[in-house]
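Colleague: Sequence and computational prediction follow.
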Amino acid sequence: TREEFLALHMVNGLHQLTLDMLFEWLRAHPDARAVTDVKECDNITCLRHIATAYERAPEQFIPQIYFTSEYTPARALGYPDIIYTLYRTPRRTPGVGRFALARRLFGITMTPRRARKRRLARLLDMFGERAYVHTVNDTARCRNLARAGAWGVYTDFLGTEASSLFE
């Protein structure tokens with residue numbers, strides 16, 4: 001239930017937010033952006049709900065899409081910046097780079113292995129596309145990924161320690 005969710009114990013000074021609480025926080029922080037990561041429902045349905053419920057959704061939300069077929073519906077909802085995350089895309093799927101370049105995505109996220117082994121991060125970087133790697137919680141690994149062409153990482157707790165490696 002909502003009450004059970006809000007009563008959960010969080011660590012590192014974090015606390016839960018309902019979507020309405022997140023909207024209020026975003027209103028108070030107009031320069032902030034939120035990246036979606038929909039897990040348990042239809043991604044486009046959730047993006048539609050956010051776009052309908054929050055007047056500044058296109059400016060403050062960066063939706064992640066999991067399949068190329070979600071790009072056009074997400075753009076039709078008014079989101080100008082979209083991230084294509086590859087963790088649901090089979091590793092040998094052809095055309096990922098072409099898809100990214102043709103759409104000028106906000107970025108593409110991938111696993112550390114995909115960033116290094118397939119040299120996808122370096123290739124995207126050469127063409128001016130942002131490659132993010134998830135989830136990285138080790139500074140040395142961040143440094144190696146930055147050298148491999150990653151533009152940034154998703155992390156649970158590294159904060160400014162990691163961000164300085166990608167400047």
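Modeller: Structure's in. What do you need?
Colleague: so where do the helices sit in this protein?
Modeller: 2-7, 19-28, 43-53, 57-60, 71-76, 96-103, 112-117, 120-126, 139-147, 160-163 (DSSP state H).
Colleague: and Tyr87, which of the ones you listed is closest to it?
Modeller: Closest of these to Tyr87 is helix 112-117, at 8.8 Å (criterion: C-beta to C-beta). For every residue, glycine as well, the C-beta is placed using N, CA and C.
Colleague: Give me the buried positions along stretch 67-81.
Modeller: Neighbour counts over stretch 67-81 (16 or more other C-beta atoms under 10 Å) mark 70-71, 73-74, 77, 79, 81 as buried.
Colleague: any idea which of these is closest to Pro94?
Modeller: Nearest to Pro94 among those, with distances taken as C-beta to C-beta, is Tyr71, at 16.7 Å.
Colleague: Export the helices of the chain as TSV, with columns for mean pLDDT.
Modeller: Formatted as TSV, those follow (pLDDT from 0 to 100):
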stretch	mean pLDDT
helix 2-7	93
helix 19-28	96
helix 43-53	98
helix 57-60	97
helix 71-76	97
helix 96-103	82
helix 112-117	80
helix 120-126	77
helix 139-147	87
helix 160-163	67
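Colleague: Turn those into TSV, columns for distance to Val153.
Modeller: Putting those into TSV (distance: least, C-beta to C-beta, whole Å) gives the following:
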stretch	distance to Val153
helix 2-7	27
helix 19-28	22
helix 43-53	22
helix 57-60	21
helix 71-76	23
helix 96-103	18
helix 112-117	9
helix 120-126	11
helix 139-147	6
helix 160-163	6
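Colleague: Need the buried residues of stretch 67-81 in CSV (columns: distance to Val136).
Modeller: Formatted as CSV, those follow (distance: C-beta to C-beta, whole Å):
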residue, distance to Val136
Glu70, 25
Tyr71, 26
Pro73, 30
Ala74, 25
Leu77, 30
Tyr79, 25
Asp81, 22
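Colleague: In those, find the pair that's most separated.
Modeller: Spanning the widest gap among the buried residues of stretch 67-81 are Pro73 and Asp81, at 15.1 Å by C-beta to C-beta.
Colleague: tell me, how many neighbours does the nearest residue to Gly97 once chain neighbours are set aside end up with?
Modeller: Excluding its sequence neighbours, the residue lying closest to Gly97 (C-beta to C-beta, 6 or more residues apart in numbering) is Leu123, at 5.8 Å. Residues contacting Leu123 under the criterion other C-beta atoms under 10 Å number 16.
Colleague: correct me, but Leu123 touches Gly149?
Modeller: Yes: with contact defined as C-beta atoms under 8 Å, Leu123 reaches Gly149; the gap is 7.5 Å.
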